[in-house]
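Chemist: here is my input, please return the structure:
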Amino acid sequence: MTITKIKEPFFHVTGERGWINDPNGLIYYKGQYHAFFQYYPNDTKWGPMHWGHVVSDDLTNWKYLPVALAPGDECDKNGCFSGSAIVHGGKLWLMYTGFIENEGGESIRQIQCLAESDDGVTFKKHGVVIGEDLLPDGYAPCDFRDPKVWLHDGYFWCITAARKIEGRGRILLFKSKDLFNWEFVNDLFGKDSAGTMIECPDYNEELGYLLFCEQFQPSENKEHLNVHTCRWCVGRIDYSTGTFKEETRGIVDYGFDMYAPQTFAGKPVFMGWLNMWDRNVPSAKYGFAGMLTVPRRVLVENGRLCQEPVVNCGEVYKATVSDRLEDKVTKGVITVKATNLEGFELKMRSNGDNYTSFVLCDGEWVFDRSKSGEAIVGVEKDEDSLKGIRRMPYSNEQEATITIVMDEFSVEIFEGGRALSSTIYPPFDANRLELTVKAAACEYARADITLNK
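Modeler: The predicted model follows:
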């Protein structure tokens with residue numbers, strides 16, 4: 001099937017055409033940021049996974065490179081699934097999951113494979129380095145994927161997503177002296193996750209946090225409503241026992257569409273998939289499905305994971321808001337700074353009956369995309385989801401800063417270190433913005449994205 005991309009986001013990463021999902025192998029290598037991602041160029045639906053590849057000097061302007069990994073070898077005949085990257089000996093190494101479908105179901109095999117590159121562009125595969133023979137008894141070889149690798153105290157360490165047979169999601173820890181010969185260490189938590197399967201674990205040694213996704217977990221009141229969600233845990237791995245010492249945990253993103261966040265190796269910045277499983281994707285008709293979030297700088301403050309967008313942009317408009325402000329914008333970065341904020345209502349991408357809203361209501365943020373444009377429908381059946389609503393806690397700080405990163409098909413909102421990200425598909429001429437505030441003082445600023453193209 002031949003796919004032609006006829007429209008795309010202004011500055012978010014997509015594939016050159018076709019389908020993408022999880023970011024993989026985020027790393028800084030030879031003076032550039034490298035971002036790989038799950039990629040199927042032959043359709044706008046998930047298919048045999050490749051590793052797409054882009055590079056950037058500034059985390060905003062991205063350039064396509066050739067596909068880094070393609071399925072077809074004995075160890076990855078049906079797909080090169082998610083993984084990570086590490087620099088060792090001057091080379092760029094990719095560790096990824098090889099997918100062998102066999103007859104499906106329990107006969108599926110997922111194994112961890114290795115590839116290397118001298119130039120960061122072309123890669124040589126080395127085959128399986130962590131096979132099912134290294135799985136401890138009682139774990140399912142059909143659900144064993146998404147290796148995250150790093151170096152600590154002379155050893156390479158790797159965590160993978162796994163599942164107990166007749167059980168739920170787990171995270172396993174392995175170690176190696178040379179990237180090729182591995183041994184199992186322990187199950188990080190030693191108990192089942194809330195979700196049926198964990199995916200895309202990500203550990204940051206420097207800041208001390210663990211990210212992971214849970215599939216088909218029960219909702220927790222309105223803390224999260226997505227059937228598939230992403231969690232953070234602040235804490236550290238105890239390498240002597242192979243366990244994770246958790247201090248606090250929370251939700252990575254409160255919106256409809258954010259999954260599989262991964263941190264750049266050696267940099268406190270992560271990106272995620274700006275989409276979600278079990279949803280329709282209206283952009284498919286334009287020749288692409290799925291994109292990556294803007295990069296997000298990560299901090300850990302008072303036991304909480306905090307994030308802020310990293311976007312190369314320049315301020316073009318600024319105004320004081322006494323009560324109400326109108327502007328025209330479809331893409332860029334909006335920043336609202338308010339003192340003693342009591343009321344806030346923002347309508348974005350507005351045109352007639354179409355708009356996307358973000359409102360402060362009864363001490364929490366309420367995001368509503370029910371009138372954004374083309375309908376996006378998922379498997380969630382709770383009242384908020386059916387109404388197109390997501391909620392996020394309000395920091396309730398004296399000085400509040402709300403940052404909105406807007407593109408043709410997405411809105412990413414940041415306040416108090418929290419994030420709420422969602423895709424939207426409004427009419428292309430929907431460009432009005434209406435802001436109503438009640439505060440002691442308020443400033444509004446708009447910045448344009450700085451692109452080289």
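Chemist: most remote residue from the protein's center?
Modeler: S322 (36.3 Å; Cα atoms, centre = their mean).
Chemist: and the residue nearest to it when sequence neighbours are not counted, how far from D323?
Modeler: Nearest-residue entry for S322: C442, 7.6 Å, with adjacent residues in sequence omitted and distances by Cβ to Cβ, 6 or more residues apart in numbering. For glycine as for every other residue, the C-beta is placed from the backbone atoms N, C-alpha and C. Between C442 and D323 the distance, using Cβ to Cβ, to the nearest Å, works out to 9 Å.
Chemist: looking at those two, which is more packed in?
Modeler: For C442 and D323, the more surrounded residue by other Cβ atoms under 10 Å is C442, and the numbers stand at 22 against 11.
Chemist: is it true that the more buried one touches K337?
Modeler: Yes: contact status for C442 versus K337: in contact at 7.0 Å, counting by Cβ atoms under 8 Å.
Chemist: residue nearest the middle of this structure, spatially speaking?
Modeler: Per Cα atoms, centre = their mean, the C-alpha nearest to the average position across the chain is that of G272, at 1.4 Å.
Chemist: confirm for me that that one is in contact with V294.
Modeler: No: G272 lies out of contact with V294 (Cβ under 8 Å); the separation is 9.7 Å.
Chemist: ok so, going back, phi, psi for the residue farthest from the centre of the chain please.
Modeler: phi -90, psi -30 (degrees, to the nearest 10).
Chemist: any idea how far it is from N42?
Modeler: 54 Å.
Chemist: could you do K5 as well?
Modeler: Note on K5: its distance to N42, by Cβ to Cβ, is 13 Å.
Chemist: same question for F180.
Modeler: Taking Cβ to Cβ, one finds F180 at 32 Å from N42.
Chemist: repeat that for N340.
Modeler: Distance, N340 to N42, using Cβ to Cβ: 54 Å.
Chemist: burial count for the closest residue in space to N340 that isn't next to it in sequence?
Modeler: Among residues not flanking N340 along the chain, A440 sits closest, at 4.1 Å (Cβ to Cβ, 6+ apart). Residue neighbour count, defined by other Cβ under 10 Å, stands at 10 for A440.
Chemist: cool, and R324?
Modeler: For R324, which is what you asked about, the neighbour count (other Cβ under 10 Å) is 10.
Chemist: which strand residues bridge it?
Modeler: For R324, the beta-bridge partners are T436 (DSSP bridges).
Chemist: that one: what's it in contact with?
Modeler: With contacts defined as Cβ atoms under 8 Å, 6 or more residues apart in numbering, the neighbours of R324 are 434-437.
Chemist: related to what we said a few turns ago, just the element for the residue nearest to the centre of the chain, please.
Modeler: Using DSSP states H and E, the secondary-structure element containing G272 is strand 269-273.
Chemist: E246 now?
Modeler: Element membership of E246 [criterion: DSSP H and E] is strand 243-251.
Chemist: and C213, what are its bridge partners?
Modeler: Checking C213 by DSSP bridges, which sets the bridge assignment, gives partners E199, C230.
Chemist: domain parsing for this structure?
Modeler: With automatic domain parsing as the criterion, the domains of the chain are listed as 18-295, 313-449.
Chemist: sweet, I'm off.
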